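>>> Just need the structure, nothing else, for what follows:
(one chain, ligands or ions: 1)
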Amino acid sequence: MTAQPRIAYAMEPDLDVAEFRHVLVESGMDRVRPINDEARLRAMLAKADLIVTARLDQPGSPLVGLARGVTDFNWACYLAEVAVCKSAQRLGVGKGLLDEARRQLGPRVSVFLASVPESAAFYERIGMTRLDHGFYFRRAE
Ligand SMILES: CC(C)(COP(=O)(O)OP(=O)(O)OC[C@H]1O[C@@H](n2cnc3c(N)ncnc32)[C@H](O)[C@@H]1OP(=O)(O)O)[C@@H](O)C(=O)NCCC(=O)NCCS
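Next up is the predicted model:
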């Protein structure tokens, strides 16, 4: 059996925009995020309250995944992205990011997100409940 790489999870409120963009591209989320608008990516990082990262636990430690959320740390958290580089998918990193996000948020906070269709089974697999009565206004641009 091949040994799985060790992954280190951390809160990185000052995550570099180039690393954020890298994970969006390498996870396949470039088709649904504004990867060519650096100012918008910077603002997405700056205004987030929760940035959890996953890095290979070795010197140089490249970023392999992240979860970014907006929260009051007391009632609710909206997770705007969970993204794992394709090279590190199906190794438990996505679940690890959600586990660390929930650990940081604590038991008083509900976690919500909107999935792309092809990842919905992942969220069900890790135990999230599908909403019957969720609503949103779609952004126009
Ligand atoms: C969705 C995503 C975050 C999952 O991350 P991951 O690290 O590959 O997932 P994990 O390895 O932690 O998977 C946990 C479990 O879910 C399963 N799983 C992972 N992706 C799945 C998928 N797309 N469909 C069904 N099951 C999936 C795994 O097989 C694993 O099951 P197990 O408990 O039986 O071993 C990752 O594939 C990704 O970044 N995708 C592209 C971006 C995206 O769609 N993000 C979500 C929308 S915001």
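
>>> before we move on, which element is the residue in the chain that the ligand sits nearest to in?
Taking CB to the nearest ligand atom, the ligand has its nearest neighbour within the chain at residue 94, 2.4 Å off. In this view, the C-beta of every residue, glycine as well, is placed from N, C-alpha and C. Element membership for residue 94 (DSSP states H and E) is helix 93-105.

>>> list the helices and strands whatever helix or strand comes next after that helix packs on?
For helix 93-105, the following helix or strand on the C-terminal side (DSSP H and E) is strand 110-113. Applying 3 or more CB pairs under 8 Å, 6 or more residues apart in numbering; DSSP states H and E, we find strand 110-113 packed against strand 76-84, helix 93-105.

>>> buried residues in the helix or strand following strand 110-113?
Downstream of strand 110-113, the next assigned helix or strand under DSSP H and E is helix 120-125. Within helix 120-125, the residues that qualify as buried are 122, 123, counting by 16 or more other CB atoms under 10 Å.

>>> Output helix 120-125 in PDB with nothing but the alpha carbons.
What follows is helix 120-125, C-alpha atoms only, in PDB (Å, rounded to 0.1, in the frame of the first residue of the first chain):
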ATOM      1  CA  ALA A 120     -22.500  17.400  -3.900                       C
ATOM      2  CA  ALA A 121     -21.900  13.700  -3.200                       C
ATOM      3  CA  PHE A 122     -18.700  14.600  -1.300                       C
ATOM      4  CA  TYR A 123     -20.600  16.800   1.100                       C
ATOM      5  CA  GLU A 124     -23.200  14.100   1.700                       C
ATOM      6  CA  ARG A 125     -20.400  11.600   2.100                       C
END
